[in-house]
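Enquirer: predicted model and sequence follow; I will ask about them next.
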Amino acid sequence: MSAYLNTRVSLLSERLWAEEEFDRLIHLPHAEVPSALTERGLAALAQGYGGDDPLSLEARIIAQILEETRVLVRPLSGAARDFIIYWTRRFEVSNVKTLIRAKMSGERYTALIPRLIEMGPFARLDLEELMHADDVAELFRRLEQSPYADIVRHARRAFEESHDPFILDATLDRAYYEGLVRRAQPIEAEAGKPMRDLMAGLVDRINLVWLLRYRFNYHLPPAQVYYLLVGGHYHLQGEVLQRLVTQESVAAVIAALPDPLRQTLEGAQSIMAVFCQLEDRAARQARSVLHSAAHPLARAFAYLVLRERDLRGVRAVLRGRHLGLPSEAIRQALGHQACGVA
């Protein structure tokens, strides 16, 4: 397994984009874009280039991520395979959110189809069967008989208490990432510090950005914010999160962080700045793991994190070109995509 996975990761890593390649894509003549994408291993995006459906571009990017993930999981078994496959479940959880919202609004299934993500061999839900549930309560019952039972059970309780779509989505996200952390623990024991560092960067970033958004954008009370965070792990343990949710400003939260997070974010004055600085830090960390002699699974996970970041950038450039935006505006959009802002 190790030799095959290491080889595959090394080969795939050659597809990652350097900053100057994004700049080249921005300035390429229209007719040369498809061949440039194909040369970079993005034939599916080249095939769809020039279309007027933004969802098609998103679907093609996710299909690319899933196809490369399929290659990487081929030699895996047990906990390692379970972890990498679960990483793709984010996309199917997005389908769950779309199904629930559609059922709440009475949207017809035929209108919903274009917004659902095609999971291919990773699919675990019968979307058509779920959409034909009589009402939201029946949809939840069916989902609780699915492989997403643990995730959906918490969301159903939140929905019954508030009927708030935002709280529903936040509860689904929290449950998903808690499942990821559980699956990562045996991997961290085997793959060591590089894998733990990748997970720490991911979960700490998610918790901190969620905390700031929930407190200062949505003005949720501290107790509710704490409930919606992923259970305390890594640098942001439970008692640290309890202290952070009571702070009265973004600056106060940053000042109360433990090192090295506080040092990383020193000078950040907005939630966007926090998000981008943490995303940049995570990307540097992933590159370090990818180009090291770390455990093959840690290298594979680092590659997947970086590849998704790359493809967000490609999406920003292609959308900007399609809209006829000037180069500088595309570069600005590219910067937003690099720090995870759609």
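Expert: That came in fine, so what should we check first? Please read all numbers here as calculations on a predicted model, not as lab measurements.
Enquirer: just the buried residues of stretch 73-85, please?
Expert: 73, 75-76, 79-81, 83-85 (16 or more other Cβ atoms under 10 Å). The C-beta positions use only the backbone N, C-alpha and C, and glycine is treated the same way.
Enquirer: so for it, what's the average pLDDT?
Expert: Stretch 73-85 shows a mean pLDDT of 95.
Enquirer: check stretch 175-182 too.
Expert: Rounded mean pLDDT across stretch 175-182 is 95.
Enquirer: just to revisit the earlier point, I'd like the buried residues of stretch 73-85 written out as CSV, with distance to residue 111 added.
Expert: Listed next are the buried residues of stretch 73-85 as CSV, based on distance: Cβ to Cβ, whole Å:
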residue, distance to residue 111
73, 33
75, 41
76, 38
79, 40
80, 39
81, 36
83, 35
84, 33
85, 30
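Enquirer: of the residues you listed, which belong to helices?
Expert: Of the buried residues of stretch 73-85, the ones assigned to helices by DSSP state H are 73, 79-81, 83-85.
Enquirer: which of the buried residues of stretch 73-85 sits closest to residue 326?
Expert: Distance to residue 326 across the buried residues of stretch 73-85 (Cβ to Cβ) is lowest for residue 84, with 39.7 Å.
Enquirer: show me what contacts that closest one?
Expert: Going by Cβ atoms under 8 Å, 6 or more residues apart in numbering, residue 84 touches 69, 72-73, 76, 297, 300-301, 304.
Enquirer: again with residue 274
Expert: Contacts for residue 274 were tallied using Cβ under 8 Å, 6+ apart; they are 208-209, 212, 250, 254, 265, 268.
Enquirer: kindly report the same for residue 297.
Expert: Contact partners of residue 297, counting by Cβ under 8 Å, 6+ apart, are 5, 76, 80, 83-84, 187, 190-191, 195.
Enquirer: secondary structure class for it?
Expert: helix (DSSP: H, G, I helix; E, B strand; the rest coil).
Enquirer: state the distance from it to residue 29.
Expert: Taking Cβ to Cβ, to the nearest Å as the measure, residue 297 falls 41 Å from residue 29.
Enquirer: any weak-confidence spans in the stretch 1-150 of the chain?
Expert: 1, 50-55 (pLDDT under 70).
Enquirer: tell me who's in contact with residue 17.
Expert: Here residue 17 is in contact with 40, 310, 313-314 (Cβ under 8 Å, 6+ apart).
Enquirer: ranges for the strands of the stretch 101-250 of the chain?
Expert: Read by DSSP state E, counting those that start in this stretch, the stretch 101-250 of the chain holds no strands at all.
Enquirer: most neighbours out of the contacts of residue 274, which is it?
Expert: residue 208 (24 neighbours; other Cβ atoms under 10 Å).
Enquirer: that one against residue 279, yeah?
Expert: No - taking contacts as Cβ atoms under 8 Å, residue 208 lies outside contact range of residue 279: 11.6 Å.
Enquirer: hang on, the earlier thing: what is the most widely separated pair among the contacts of residue 17?
Expert: Longest span within those, Cβ to Cβ: 40 and 313, 11.6 Å.
Enquirer: who has more neighbours out of the two?
Expert: residue 313 (21 against 18).
Enquirer: name the residues of the helix or strand harbouring the more buried one that are buried.
Expert: Applying DSSP states H and E as the criterion places residue 313 in helix 296-322. By neighbour count on 16+ other Cβ under 10 Å, the buried set for helix 296-322 is 296-321.
Enquirer: likewise for stretch 271-291?
Expert: If you call a residue buried by 16+ other Cβ under 10 Å, then stretch 271-291 has these buried ones: 271, 274-279, 281-283, 285-287, 289-290.
Enquirer: state the distance from residue 38 to residue 47.
Expert: Taking Cβ to Cβ as the measure, residue 38 falls 9 Å from residue 47.
Enquirer: quick one, what contacts the residue most central in space within the chain?
Expert: For the chain, the residue nearest the mean C-alpha position is residue 90 (6.7 Å; Cα atoms, centre = their mean). Neighbour list for residue 90: residue 176 [criterion: Cβ under 8 Å, 6+ apart].
Enquirer: same check, this time on residue 122
Expert: If you count contacts by Cβ under 8 Å, 6+ apart, residue 122 has them with 66, 69-70, 85, 88-89, 91-92.
Enquirer: how about a cut-off of 6 Å?
Expert: 66, 88 (Cβ atoms under 6 Å, 6 or more residues apart in numbering).
Enquirer: ditto for residue 134
Expert: Contacts for residue 134 (Cβ under 6 Å, 6+ apart) come out as none.
Enquirer: now the phi/psi pair for it, please.
Expert: phi -70, psi -40 (degrees, to the nearest 10).
Enquirer: if I look at it, how far off is residue 6?
Expert: Distance, residue 134 to residue 6, by Cβ to Cβ: 50 Å.
Enquirer: and if you look at residue 190?
Expert: According to Cβ to Cβ, residue 190 and residue 6 sit 15 Å apart.
Enquirer: kindly report the same for residue 240.
Expert: To residue 6, residue 240 is 36 Å away according to Cβ to Cβ.
Enquirer: same list, the contacts of residue 274, but as CSV with pLDDT and distance to residue 177 please.
Expert: Compiled in CSV, those are given as follows (pLDDT from 0 to 100; distance: Cβ to Cβ, whole Å):
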residue, pLDDT, distance to residue 177
208, 96, 13
209, 96, 12
212, 97, 16
250, 95, 22
254, 96, 22
265, 94, 21
268, 90, 23
